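> Whatever this is, show me its structure:
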Amino acid sequence: MKIRNTAILLFKDVEVLDFAGPFEVFNVANSACGGKFFNVYTVAEHKDMLETKNGLKVLPDYSIASCPPPDIIIIPGGDGRKVQMNNDIILHWIKDNFNRVELMISVCTGSFILGNAGLLDGLNATTHHDSYSEFEAAFPNTALIKGDKFVDSGKIITAAGVSSGINMSLHIVKKLAGEEAARKTAEIIEYNV
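Numbers count the residues shown, from 1 in each chain. Okay, here's the model as predicted:
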């Protein structure tokens with residue numbers, strides 16, 4: 001099976017579980033299945049230490065200029081998305097990689113970054129429930145699906161709030177590595193889907 005470079009975007013004031021949940025799921029999927037299906041790494045605009053929403057300090061593995069070419073990009077949310085959704089450098093990196101990647105994923109309010117990159121027009125998507133009104137106003141050409149843990153629109157998958165990134169990641173493990181891989185991964189992390 002192909003090893004997929006799985007880049008998780010980080011930025012100042014990112015929501016921890018938005019990126020840590022998928023990070024854990026994809027890495028556990030590797031060990032659960034006895035092979036490396038996902039080469040998981042973190043990436044940020046600069047390879048400098050950054051502080052997450054609740055003060056956790058994280059050092060990204062790569063800058064966006066130096067990271068391995070991604071097959072999957074995961075875009076988390078959090079308070080920092082309000083800056084990143086207007087960061088032309090990040091938006092350009094996302095748009096530049098869109099045609100090359102197999103999957104472009106957002107967790108929580110990371111969907112606003114995808115929306116501002118112009119990638120959600122004409123699609124179904126979701127976001128954190130506290131941001132429904134803001135999302136509908138910002139992206140009138142996207143059908144907001146309320147109440148679902150995640151929405152799979154093919155190449156783009158959006159997850160609702162925070163822990164739903166785990167549900168979405170297990171869905172992707174099932175989609176790419178099979179049902180048994182997803183079941184074993186969920187069992188190891190003691191997560192009921």
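> Check which residues of stretch 109-121 are buried.
By neighbour count on 16 or more other C-beta atoms under 10 Å, the buried set for stretch 109-121 is 109-117, 119-120. Quick note: C-beta positions are derived from backbone N, CA and C, even for glycine.
> Please apply the same query to stretch 50-68.
In stretch 50-68, the ones that count as buried by 16+ other C-beta under 10 Å are 50, 52-53, 58, 60-61, 64, 67.
> Mind checking which of the residues you listed land in helices?
Cross-referencing the buried residues of stretch 50-68 with the helices (criterion: DSSP state H) gives no overlap at all.
> Distance to Asp13 and pLDDT for those residues - can I get that in a markdown table?
As requested, these are arranged in a markdown table below (distance: C-beta to C-beta, whole Å; pLDDT from 0 to 100):
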| residue | distance to Asp13 | pLDDT |
| --- | --- | --- |
| Leu50 | 9 | 96 |
| Thr52 | 7 | 96 |
| Lys53 | 5 | 93 |
| Val58 | 11 | 97 |
| Pro60 | 14 | 98 |
| Asp61 | 19 | 98 |
| Ile64 | 18 | 97 |
| Cys67 | 21 | 96 |
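> Reformat those residues as a markdown table; add distance to Ala137.
Putting the buried residues of stretch 50-68 into a markdown table (distance: C-beta to C-beta, whole Å) gives the following:
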| residue | distance to Ala137 |
| --- | --- |
| Leu50 | 29 |
| Thr52 | 27 |
| Lys53 | 23 |
| Val58 | 31 |
| Pro60 | 32 |
| Asp61 | 35 |
| Ile64 | 29 |
| Cys67 | 33 |
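> which one of these sits closest to His129?
Ranking the buried residues of stretch 50-68 by separation from His129, with C-beta to C-beta as the measure, puts Lys53 on top at 17.3 Å.
> element containing the residue nearest to the closest one when sequence neighbours are not counted?
Counting by C-beta to C-beta, 6 or more residues apart in numbering, the nearest residue to Lys53 once its immediate chain neighbours are dropped is Gly78, at 4.6 Å. Element membership for Gly78 (DSSP states H and E) is empty, with no helix or strand holding it.
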